[in-house]
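**Student:** next one to model:
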Amino acid sequence: MNSDEELIKGCIREDREMQGLLYEKYADKMFAVCMRYSNTREEAEDVLQEAFIKIFDKISKFRQEGSFEGWMRRIMVNTALRSWDKRSRKFEPGDLDHVEEPVQRELVLDSIGVKEIMAMINKLPEGYQMVFNLFAVEGYSHKEIGELLNINESTSRSQYARARRNLMTMLEKIES
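**Tutor:** Numbering: from 1, shown residues only. Modelled structure (predicted):
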């Protein structure tokens, strides 16, 4: 198996074989990222393809600072966000003064699988999904989310709080 460094060098040379190997190595992981920000599998496949084209086009700009996978993940997320932005933007105006934090308690998550959790997240309104994924899954700050989505930081916080509240409600229904 080729190292990332070898794959990067080959892709910089526009070596089709190395591009194929890089794609094979990371496509599944990156597809999972795309699925979090897409409504359908076909849409996620389009985002994946568009993002890999960007990766191959910009790979010479990778500065070897931080992980290569993280760099690719950021391109995937940004490409997915641009795709979503073209579809629509659905954020409820938000103010944290009117959002109550759910009471923290133990949940029995052992019986719930990843697919079920992803299905619950996919049931959230689109704006909630986007902010939840960016904050809870990708690790962006609310300030960064605000800049990425062109919304206020407080809107990001309230969207996240509402997403959590909705997910807690869905989990409570499963528990009862």
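
**Student:** out of the helices and strands in this structure, which is least certain?
**Tutor:** Sorting the helices and strands of the chain by mean pLDDT, DSSP states H and E puts helix 114-123 at the bottom, at a mean of 84.

**Student:** keeping just the C-alphas, turn that one into CSV.
**Tutor:** This file holds the C-alpha atoms of helix 114-123, laid out as CSV (Å, rounded to 0.1, in the frame of the first residue of the first chain):
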residue,chain,number,x,y,z
VAL,A,114,-25.3,4.1,14.2
LYS,A,115,-27.8,3.7,11.3
GLU,A,116,-30.7,4.6,13.7
ILE,A,117,-28.9,7.6,15.1
MET,A,118,-28.1,8.8,11.5
ALA,A,119,-31.7,8.3,10.6
MET,A,120,-32.8,10.4,13.5
ILE,A,121,-30.4,13.2,12.5
ASN,A,122,-31.7,13.0,9.0
LYS,A,123,-35.2,13.6,10.3
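
**Student:** next, the buried residues of it.
**Tutor:** Within helix 114-123, the residues that qualify as buried by neighbour count (16 or more other CB atoms under 10 Å) are 120-121. Placement of C-beta: from N, CA and C, glycine included.

**Student:** what's that helix packed up against?
**Tutor:** With contacts taken as 3 or more CB pairs under 8 Å, 6 or more residues apart in numbering; DSSP states H and E, helix 114-123 sits against helix 16-36, helix 126-132, helix 153-175.

**Student:** residues in contact with Ser38?
**Tutor:** For Ser38, the contacting residues are 44, 47, 80, 83-84, by CB atoms under 8 Å, 6 or more residues apart in numbering.

**Student:** and what of Ile53?
**Tutor:** Ile53 neighbours (CB under 8 Å, 6+ apart): none.

**Student:** swap in Phe31?
**Tutor:** Phe31 sits in contact with 44-45, 48, where contact means CB under 8 Å, 6+ apart.

**Student:** can you do 6 Å?
**Tutor:** Leu48 (CB atoms under 6 Å, 6 or more residues apart in numbering).

**Student:** quick check: domain ranges of the chain?
**Tutor:** Using automatic domain parsing, the domain ranges for the chain come out as 4-87, 96-175.
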